[in-house]
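> Sharing a sequence plus its predicted fold:
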Amino acid sequence: MKATCESASNEITEEIFQFWSQNNALEVVIEIDNAKPNDPAPFNTGMVADIRIKNTNHKATLPLSERSAGFVWFFSFLAQFKQLKKTPGNGNAILLLDEPGLTLHGKAQGDLLRYIIERLLPDHQVIFTTHSPFMVPMDRLADVRIVEDVIIQKPGKRLEVKGTKVRSDVLEVSDDTLFPLQGALGYEVTQSLFIGANTMLVEGPADILYLKMMSQALIKRGRVGLDSKWTLCPSGGIDKIAPFVRLFGGNRLNVAVLSDIANGDKTKIENLKKANILKAGHFYTCADFTTGSEADVEDLIDADLFVQILNGAYKPPTDKLVTTASLTAAAPTPRIVKKAEALFKLMPGTVVEFDHFAPARWLLENPSVLDANTPAVNGTLDRFEALFNAFNALVP
């Protein structure tokens, strides 16, 4: 009897933990013993089977009933349908499930959906209702039907009740009814469109434009540009990096960071490195490719070239043209964008307020500026090539 219980325990453990990905340190333990007379009925007579869940990390067991409601439901669901497969005459059963996995969180609902597709669909037709985007099979959208109670309100007329309708055309239904499908599509797009297997986090959209344009200019000259395997993604600043990596790191992404750095950011950067949320060597600041201790991506651009970009982007009057001398003297900071902000504040009404994106957009529209064979352009491309070499070495 002991051997039979162990065999059943092993079989159920293997089946359940192929699909329950939340914790792989659990085992099912089944024990059969004589009932205890003082136990509550009906467990006080005959033989009683006791199911316990062992945590191999903590070397302890708990009754199944004391695990989370989601786990108990998942266990019961899999056990029920494993028995269904063993019962003669049930091969053609149609399974109707109302809101399965309601007590499970998103990842566990994904496990349940995978179980339905891999274990149940080969032998049974399965129909289930859900309000959860995590239970929408994104690779089987043709199977999805949308159910809504259709009530038409026309001005000046009584409500026209059409009743419950099942539709495959998502364009015909209301936004509220469509929400689970929208949520599933939004999550899928986020995973595939904005996030790549190799994701390079930068400060904002302007950084992406500068990196793209400099990469193109280098490749045009037969030099090293940024590896095309990198997906550039704006993170919104140092404070957003840790949440981003924790949110998407579960997808086994190769994430690297190019961050701006100011005096107040040094502690944040050290804390990020100590947190080990990134692989060692996958965090760079712009100062790593310049001679200063503080830097934005614009500081990789030679001052003379950046002055040319500013004048092209903002077109100040002739007597207010930006010069390298006026830009350098505008503020006592090594960061060129802070100098530009200070300089433009000294010219109220002459030019619009400085922003990071306008110069990058102008460079995108005037890439021939980078074709010049001048010390300013060559020095700029040298610094960006060093940056690209560093990040390209991180691509598997």
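Nice, thanks for sending it over. Because the structure is predicted, anything quoted here is derived from the model rather than measured.
> Is it correct that E27 falls within a strand?
Yes: the secondary structure assignment for E27 places it in a strand, going by DSSP: H, G, I helix; E, B strand; the rest coil.
> Tell me how many other residues crowd it.
The criterion is other CB atoms under 10 Å. On that basis, E27 has 17 neighbouring residues. Just so you know, the C-beta spots here come from the backbone N, C-alpha and C atoms, and that holds for glycine as well.
> again with I238
Per other CB under 10 Å, the neighbour tally for I238 reads 21.
> before we move on, which element is the nearest residue to it once chain neighbours are set aside in?
Sequence neighbours aside, K268 is the residue nearest to I238 in space, at 5.0 Å (criterion: CB to CB, 6 or more residues apart in numbering). Following DSSP states H and E, the helix or strand that holds K268 is helix 266-274.
> Now do that helix: which elements does it pack against?
The contact analysis (3 or more CB pairs under 8 Å, 6 or more residues apart in numbering; DSSP states H and E) places helix 266-274 against helix 238-248, strand 283-285.
> residues of that helix that come out buried?
By neighbour count, with 16 or more other CB atoms under 10 Å as the criterion, the buried positions of helix 266-274 are K268, I269, L272.
> quick one: it to chain centroid distance?
22 Å (CA atoms, centre = their mean, to the nearest Å).
> could you dump it to CSV, C-alpha only?
What follows is helix 266-274, C-alpha atoms only, in CSV (Å, rounded to 0.1, in the frame of the first residue of the first chain):
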residue,chain,number,x,y,z
LYS,A,266,25.6,58.3,-8.6
THR,A,267,24.0,56.7,-5.5
LYS,A,268,21.0,55.5,-7.5
ILE,A,269,23.4,53.9,-10.0
GLU,A,270,25.4,52.2,-7.3
ASN,A,271,22.2,50.8,-5.7
LEU,A,272,21.1,49.5,-9.1
LYS,A,273,24.4,47.7,-9.6
LYS,A,274,24.2,46.2,-6.1
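> what's the angle between that helix and helix 238-248?
Between helix 266-274 and helix 238-248, the angle comes out at 20 degrees (axes from the mean of the first three to the mean of the last three CA atoms, to 10 degrees).
> contact partners of helix 266-274?
I238, D239, I241, A242, S259, I261, L278, F283, T285 (CB atoms under 8 Å, 6 or more residues apart in numbering).
> count of residues packed around A142?
Look at A142: counted by other CB under 10 Å, it has 7 neighbours.
> mind pulling up the phi and psi values for it?
Main-chain dihedrals, A142, degrees, to the nearest 10: phi -70, psi -20.
> Tell me the spacing between it and L78.
As for A142, its distance to L78 is 27 Å (criterion: CB to CB, to the nearest Å).
> Equivalent analysis for F283, please.
Using CB to CB, one gets 42 Å for the distance from F283 to L78.
> sorry, back to before: which one in the buried residues of helix 266-274 is the model shakiest on?
Looking at pLDDT alone, the buried residues of helix 266-274 dip lowest at L272, where the score is 73.
> where does D50 fall, helix, sheet strand or coil?
Reducing the assignment at D50 to three states with three-state DSSP gives strand.
> Just the pLDDT for the closest residue in space to it that isn't next to it in sequence.
Nearest residue to D50 in three dimensions, chain neighbours excluded: E31, at 4.8 Å (CB to CB, 6+ apart). For E31, the model assigns a pLDDT of 87.
> what do you get for the one 10 residues further on?
pLDDT for A41: 91.
> Please determine how far it is located from M47.
Per CB to CB, A41 is found 15 Å from M47.
> residues touching the residue nearest to D50, list them.
When contacts are counted by CB under 8 Å, 6+ apart, E31 touches C5, A49, D50, R52.
> Filter those residues down to just the buried residues.
Buried subset of the contacts of E31 (neighbour count, 16+ other CB under 10 Å): C5, R52.
> Distance to E298 added to the buried residues of helix 266-274, as CSV?
What follows is those, written out as CSV (distance: CB to CB, whole Å):
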residue, distance to E298
K268, 20
I269, 19
L272, 22
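> so which of those comes closest to K85?
Distances from those to K85 were compared by CB to CB; the smallest belongs to L272, at 49.4 Å.
> distance between the ends of stretch 279-299?
Stretch 279-299 has its terminal residues 26 Å apart, counting by CA to CA, to the nearest Å.
> Make 767 the first number, not 1, from now on.
Yep, numbering from 767; the last one is stretch 1045-1065 now.
> And for it, what's in contact with it?
Outside stretch 1045-1065, the residues that touch it by CB under 8 Å, 6+ apart are 968-969, 972-973, 976-977, 1020-1029, 1035, 1038-1039, 1066, 1072, 1099-1103, 1122, 1125, 1149-1150, 1152-1153, 1156-1157, 1160.
> mind listing what's buried in it?
With the criterion 16+ other CB under 10 Å, stretch 1045-1065 contains buried residues 1048-1053, 1055-1056, 1060-1065.
> Tell me which two of these sit farthest apart.
Spanning the widest gap among the buried residues of stretch 1045-1065 are H1048 and E1064, at 22.7 Å by CB to CB.
> Tell me who's in contact with R833.
Taking CB under 8 Å, 6+ apart as the criterion, R833 is in contact with I819, F841.
> could you pull out the helices for the protein?
Ranges of helices within the chain are 768-782, 835-852, 872-881, 941-955, 971-986, 1004-1014, 1032-1040, 1069-1080, 1090-1095, 1102-1111, 1123-1131, 1141-1158, based on DSSP state H.
> Put together CSV for these, with distance to I860 on each row.
Shown next, in CSV, are the helices of the chain (distance: least, CB to CB, whole Å):
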stretch, distance to I860
helix 768-782, 22
helix 835-852, 12
helix 872-881, 17
helix 941-955, 23
helix 971-986, 51
helix 1004-1014, 38
helix 1032-1040, 53
helix 1069-1080, 65
helix 1090-1095, 74
helix 1102-1111, 64
helix 1123-1131, 57
helix 1141-1158, 54
